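Colleague: Quick one: sequence plus predicted model below, questions after.
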Amino acid sequence: MGLMLRYAFRTLRARKGGFIGAFVALTCAAALVTACGILLETGLRGTIGTERYAAAPVVVGGDQNVHQTTVKHKKGKTKVKHKAKPLAERVWLPASTVGRLRSVPGARAVVPEVTFPAYPVDARGRIVPGVHGKPSYGHAWTSAALTPFELVAGHAPEAAGDVVVDRELAARAGLRPGDKVTVQATDAPHGYTVSGIAAAQGGDLQQQSSLFFSADEAQRLSGRAGAVAAIGVLPEPGVSTGELADQVRKALSGTTAQVATGGDRGPVEFLDAAKARVKLVSMGGAIGGTSLLVAILVVVGTFALSIQQRHRELALLRAIAATPKQVRQLIGREALIVGLLAGVTGCLLGLPVAYWLHRKFVDFKAIPDTLEMTFGVFPFFAALGAALLGAWAAARISARRTTRIHPAEALAESAVERPGFAWGRLLAGILTLAGGIVLLVVLSVLDTEPASTPVTFLTVVVLAVAVSLLGPLIARGAVALLEVPLRASRVAGHLATANVRANTQRMASAITPLALLIGMACTVFFVQTTMGDAATAQARDGNKANWVVASSGPGVPEQAAQALRQTPGVRAVTEVVRTSVRVGLDKYPAQGLSTEGLRETWDPDVTKGTLDGFGDGDVAMSEVSADHLGKKPGDTLKTTLGDGTVVELKVTAVYARGLGFGDLTMSHALVARHVDNPLAPSVLVRTADDGSAGREQLQKAVGAFPGVGVLDRDQVEDLQAEVQQNNAEVTYVAMGLIIAFTAIAVVNTMAMSVSDRLREFALLRLVGTTRRQVMGMLRIEAGIVVLVALVLGTGIAYAVLTAFSIGMTGSAAPSVAPLTYLAVAGFGALLTLPATVVPGRVCLTGRPADVIGARQ
């Protein structure tokens, strides 16, 4: 054992070039696993800091989850399983909860909190955003102690018309005590007098801006009479946080209220950060799983090429009586040494990659920056273990045939590649291809994005594995098809054809990563365009409005919609508010629409039932959601709204345009009462055909409402495309790392393949072939690799995208952007040609006779 380990070290020192490729592939794989593991761990236990509740060691909030408990009886045993899923909106507490806490022992003060969107308007009528473009919220001044905020000028709000503005926001808006300011909150814009300026004791808040009103005015603006958003409990001197929290839990026993201390207070304040943890777990798992599959495929291919280059050396070992077990031990130890070095290097590189990914996700607003990076040793151990196991398994799989054949056969095969097929490999390739076809069939019946996305990328990898296994057969077929056109270049074409025919395994090793790169890149790009174009088309076809009214602030107030309804020439006005709801534990995107004149502005392509008489107690469902839930018109649907309120609604219609309008549609009046922001992000306006109500008339009708503007249909589609692009960028960044890893593997494999051909090039030179002819041969070989990989990668992507499109959109016509496709193809060619030509030029620098003598 010690002898084999020493020999493994010597082999690595003597053949550094042969192991560099494997080292690079494993390092990239370990870095990806480390980064994904850190994202996953951040999602599971990432720290969410608190700002507004910094001075309240104990915070009480509503239960932000919907729960489901199942009991199973099997073989005399009872199993109880409890599941919980997060809600989309804030769950408010009854105001009576405050009274229950007033008598808690050790509590110095019990401070209720109400919170709602509130933005000041500057002198030019523009909505002033929160700090760093983040939200701005309104509160009651009585809750200022939770931060705490202290007055630095003026006085506290005493009347309904008073407001206190935080220092940072006041400076940007140019406000001082005594100034008049218009505030856009959850109702029509209203004028207030700035009674004071306040500052947080620990410095200006970085995640939000704050406006403080009198208690009664704040309660009115919140729209939640008799409810509070949270409660802060401040302790008496000498009372510990743990003691106080225990007393609060006792007082709230039997209620659904949740008690938070320490780092658990952050999720009570920042609901989006808490929800982002779930998203980050999902993204980290998806990227990590796909990364591992791609890494295994790439690393196995790299080791196969490395061992193929050492075939003569291993054959000599077998010829001098080395047993198959000894050769396996040698290869295994070499792999473990390379895996250990690559694993450690990859762990170190994975940390900055994880930070970069986290920052990108924050920039794209996929996660808030309040969710801080959190990680322990697990991601690093997982990456190191993956590198070691991947290296060992890849080496053993790649060397399986060499260690099993007779020594004399091994020497013969070291001189020339064995003709014919490896029937075991061929059978494995056929079975893998069959598995890929089964996945395509499964993908074609999946009609929800969470279910189809992981299957989509898994299918790409499985089909790429089939290409890898069937690679030699594919290479021979490609040469047979290209032989006639290659004859146009007599010497270079003849040499390239002969080389490819004689070394199909080497050619297959080059084709596989490039085909995977093209297939994966096309799938990543065109899954987004397929979904985006289908959703846009459905929304466009179903929108019967002439104009859309939107706002640069928190939304369009109800009063603006009423003003539009009273404008001559306006036939119908429909307010739209969006949310997500739960049916059981399943999450569905939903919208609320004004019921009056609904059919004038909206056509979801009803296939069952009718929208006639649609009201507050009704729900319309997409075909997908109706099929999943087994509902039809006339049935009752029990739904948990965004804030946890459970309602029973009557199904009145089923519609086909679910991608464009969401899975569930309810009345605007119902949904607006149960969301954090009741203002409509958009309002659909249908006008008379006589042109009496044009943009000028509509804009005049909403002129008194700051930030509200009138858009035509083209502008709306441009905004939708921008939003879709922003959402797609998250996927591009996440999957782009895998594509970058595969691109490195392409360059790595091509460079390894060419660099090992020194003796071959020298022999060609000795028999009269010029350097130019050898380089021409290499260019033609690279062209064959690019062409075959392009055909295979395109075929894989098109098959996967077609199945995805059938399942998600009902159409076998994925959306492919020609320029993007050409860019992917060009990128593959740009990777392959330099990776072939540059090592080839290096190999041709020495004198042929010297090379032959050195290689004896």
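Modeller: Yep, that arrived.
Colleague: make it CA atoms for all contacts and neighbour counts henceforth
Modeller: Fine.
Colleague: quick one: average pLDDT of stretch 532-545?
Modeller: If you average the pLDDT over stretch 532-545, you get 86.
Colleague: ranges for the strands of the stretch 701-850 of the chain?
Modeller: 708-712 (DSSP state E, counting those that start in this stretch).
Colleague: what about the helices in it?
Modeller: For the stretch 701-850 of the chain, the helices defined by DSSP state H, counting those that start in this stretch occupy 713-755, 758-766, 771-809, 818-843, 848-854.
Colleague: How far off centre is the second one?
Modeller: Once both centres are worked out by C-alpha atoms, centre = their mean, to the nearest Å, helix 758-766 turns out to sit 50 Å from its chain's centre.
Colleague: Now do the SS call for the residue nearest to Ile430 when sequence neighbours are not counted.
Modeller: Spatial nearest neighbour of Ile430, chain neighbours left out: Ala466 (7.1 Å); criterion: C-alpha to C-alpha, 6 or more residues apart in numbering. Judged by DSSP: H, G, I helix; E, B strand; the rest coil, the three-state class of Ala466 is helix.
Colleague: Next, the contact list for Ala466, please.
Modeller: When contacts are counted by C-alpha atoms under 8 Å, 6 or more residues apart in numbering, Ala466 touches Ala428, Gly429, Ile430, Thr432, Leu433.
Colleague: give me the number of residues near Gly424?
Modeller: Gly424 has 10 neighbours, counted by other C-alpha atoms under 10 Å.
Colleague: Buried residues in the strand or helix carrying it, which are they?
Modeller: Counting by DSSP states H and E, the element that carries Gly424 is helix 423-443. Buried residues in helix 423-443, counted by 16 or more other C-alpha atoms under 10 Å: 425-426, 429-430, 432-433, 435-437, 439-443.
Colleague: Ok, stretch 243-252 next?
Modeller: For stretch 243-252, a neighbour-count test (16+ other C-alpha under 10 Å) marks Leu244, Ala245, Gln247, Val248, Arg249, Ala251, Leu252 as buried.
Colleague: Would you point out the most distant pair within the residues you listed?
Modeller: Pairwise distances across the buried residues of stretch 243-252 (C-alpha to C-alpha) peak at 12.5 Å, for the pair Leu244 and Leu252.
Colleague: can you tell me the helix or strand for the closest residue to Val299 other than its chain neighbours?
Modeller: Leaving aside its sequence neighbours, Val299 sits nearest to Ala25 (C-alpha to C-alpha, 6+ apart; 5.9 Å). Using DSSP H and E, Ala25 sits within helix 16-45.
Colleague: and that helix, what other elements does it pack with?
Modeller: Of the remaining helices and strands, those touching helix 16-45 by 3 or more C-alpha pairs under 8 Å, 6 or more residues apart in numbering; DSSP states H and E are helix 271-309, helix 324-363, helix 378-398, helix 713-755.
Colleague: ok, now with 6 Å
Modeller: Using 3 or more C-alpha pairs under 6 Å, 6 or more residues apart in numbering; DSSP states H and E as the contact criterion, the elements in contact with helix 16-45 are helix 271-309, helix 324-363, helix 378-398.
Colleague: What are the contacting residues of the very next helix or strand once past it?
Modeller: Using DSSP H and E, the helix or strand that follows helix 16-45 in sequence is strand 47-48. Strand 47-48 is contacted from outside by Gly266, Thr370, Leu371, Glu372, using C-alpha atoms under 6 Å, 6 or more residues apart in numbering.
Colleague: In strands, which of these fall?
Modeller: Assigned to strands by DSSP state E, the following of those qualify: Leu371, Glu372.
Colleague: if I pick Leu641, what's in contact with it?
Modeller: Listed by C-alpha under 6 Å, 6+ apart, the contact set of Leu641 reads Val581.
Colleague: where in the stretch 651-800 of the chain is pLDDT low?
Modeller: Regions of the stretch 651-800 of the chain meeting the criterion pLDDT under 70 cover residues 715-731, 734-735, 756.
Colleague: ok, 90 please
Modeller: Filtered on pLDDT under 90, the stretch 651-800 of the chain yields the residue ranges 658-662, 688-696, 703-704, 710-789.
Colleague: just the buried residues of helix 423-443 now: which is nearest Asn65?
Modeller: Leu443 (30.5 Å).
Colleague: mind listing what the closest one touches?
Modeller: By C-alpha under 6 Å, 6+ apart, Leu443 lies in contact with Ala803, Phe804.
Colleague: Distance check, it against Ile437.
Modeller: Leu443 sits 10 Å away from Ile437, going by C-alpha to C-alpha, to the nearest Å.
Colleague: And Arg100, by the same measure?
Modeller: Noted for Arg100: a distance of 62 Å to Ile437, by C-alpha to C-alpha.
Colleague: now do Val281
Modeller: Computed as C-alpha to C-alpha, the Val281 to Ile437 distance reads 29 Å.
Colleague: So what's the predicted local confidence for the residue nearest to Thr241 when sequence neighbours are not counted?
Modeller: Take Thr241 and drop its neighbours on the chain: the residue closest to it by C-alpha to C-alpha, 6+ apart is Pro57, 6.2 Å away. Predicted confidence (pLDDT) for Pro57: 95.
Colleague: quick check: mean pLDDT across the helix or strand Thr456 falls within?
Modeller: Using DSSP H and E, Thr456 maps to helix 449-469. In this model, helix 449-469 has an average pLDDT of 85.
Colleague: Next: stretch 617-634.
Modeller: According to the model, stretch 617-634 has a mean pLDDT of 93.
Colleague: Report the buried residues of it.
Modeller: Quick answer for stretch 617-634 (16+ other C-alpha under 10 Å): Asp618, Val619, Ala620, Met621, Ser622, Glu623, Val624, Ser625, Ala626, Lys631, Lys632, Pro633.
Colleague: Just the terminal-to-terminal distance for that stretch.
Modeller: End-to-end distance for stretch 617-634: 12 Å, by C-alpha to C-alpha.
Colleague: Ramachandran angles for Leu517?
Modeller: In this entry, Leu517 is assigned phi and psi values of phi -60, psi -50 (degrees, to the nearest 10).
Colleague: any idea how far it is from Leu737?
Modeller: 11 Å.
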